[in-house]
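*Asks:* next input, structure requested:
(chains A and B)
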Amino acid sequence: AQSVTQPDIHITVSEGASLELRCNYSYGATPYLFWYVQSPGQGLQLLLKYFSGDTLVQGIKGFEAEFKRSQSSFNLRKPSVHWSDAAEYFCAVGPGNFGNEKLTFGTGTRLTIIP
Amino acid sequence: DAGVIQSPRHEVTEMGQEVTLRCKPISGHNSLFWYRQTMMRGLELLIYFNNNVPIDDSGMPEDRFSAKMPNASFSTLKIQPSEPRDSAVYFCASTNIRGAYGYTFGSGTRLTVV
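*Replies:* Predicted coordinates:
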C-alpha cells in the first residue's frame, strides 16, 4: 500500500529565508508525486507534480521539489519565502499507472512566516 | 472553467437531520472524489467515482453516509441522520482519466452538526 510521511507538523521561518518541507513516500514502483497548498478556508491547490524525467520539478509561486528515489523523498523548497506563503502544505503520492487515480495524502505541514 | 463547485459553503444543522452536500466537477473530468478534513484525522478519502461508478467506498464511515453520481456533472454526499462527530470540512475533487495530473479541489463545505 502507498503511504506518505510528512515528519514536520509545524515549521516557522522568517520572511525572506529559505524553506524546505520534507516528504517521504512508500510505494512499490515509480510513483506520481504531488505537493498541494491549502490556505485558510480554502481548498487544496496543486503546486507541482512529478511523473518521470528530470527529478527537479518547478511549480507555481516559485516552489520547486526534488525527487530522490534512493531516499524515497520528494522535498519541497523555496529560496525566499513571502508572508503570503503561510499555509498548510500537503504531499501526496499516486500510483504510476493510468486507470487508478487514488491519491494518498500526508498529514500536512503548517507553515508560519514571521516578519 | 469555473473549477469544482461545491454547495453549500457552510451548513449548520441539528443532530438527527439529513444533510446533503453537492458537487459539480470540472467538465471533462471523469473521476470524482469526496474527502473529509478534520483536525484530528486530517484528509480522509470517503469515496471515489470513475465514470459515475463508485470504485472505492471503503472510507465511508458508516451506513449513515451515502454518495451518488447520477451523471458526469453532479454528485451528492448525504448524511442521514447527522451526528456532531460528522462536523468537518467536506471536499470534492475531480480529475480526468489520467489521474496523474492531480486533482482539482473545490472550496469545500464546512458542516457543523449541533
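*Asks:* could you list the low-confidence segments of chain B?
*Replies:* Low-confidence regions of chain B, defined here as pLDDT under 70, cover residues B:1, B:97-101.
*Asks:* and B:Asp86, what does it touch?
*Replies:* Listed by CB atoms under 8 Å, 6 or more residues apart in numbering or on different chains, the contact partners of B:Asp86 are B:Val19, B:Arg64, B:Ile79, B:Leu111, B:Val113. No exception for glycine: its C-beta is placed from N, CA and C like everyone else's.
*Asks:* among these, which are in reach of chain A?
*Replies:* Checked against chain A using CB under 8 Å from any CB of the partner chain, the contacts of B:Asp86 give no members in range.
*Asks:* of the residues you listed, grab the buried ones for PyMOL.
*Replies:* Those of the contacts of B:Asp86 that count as buried under 16 or more other CB atoms under 10 Å in any protein chain shown are selected in PyMOL with:
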select buried, chain B and resi 19+79+111+113
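*Asks:* where's the residue nearest to the spatial centre of chain B, which helix or strand?
*Replies:* For chain B, the residue nearest the mean C-alpha position is B:Trp34 (3.2 Å; CA atoms, centre = their mean). Under the assignment given by DSSP states H and E, the secondary-structure element containing B:Trp34 is strand B:31-38.
*Asks:* so A:Glu20 sits against A:Asn75, correct?
*Replies:* Yes. The pair A:Glu20 / A:Asn75 is scored as a contact, 5.6 Å apart, by CB atoms under 8 Å.
*Asks:* the two: who's more crowded?
*Replies:* When A:Glu20 is set against A:Asn75 and neighbours are counted by other CB atoms under 10 Å in any protein chain shown, the residue ahead is A:Asn75, at 17 against 13.
*Asks:* check which helix or strand covers that one.
*Replies:* Counting by DSSP H and E, the secondary-structure element that holds A:Asn75 is strand A:73-78.
*Asks:* B:Gly59 in helix, strand or coil?
*Replies:* Assigned by DSSP: H, G, I helix; E, B strand; the rest coil, the conformation of B:Gly59 is coil.
*Asks:* enumerate every residue touching it.
*Replies:* Under the criterion of CB under 8 Å, 6+ apart, the neighbours of B:Gly59 are B:Glu44, B:Leu45, B:Leu46, B:Ile47.
*Asks:* all good on my end, thank you.
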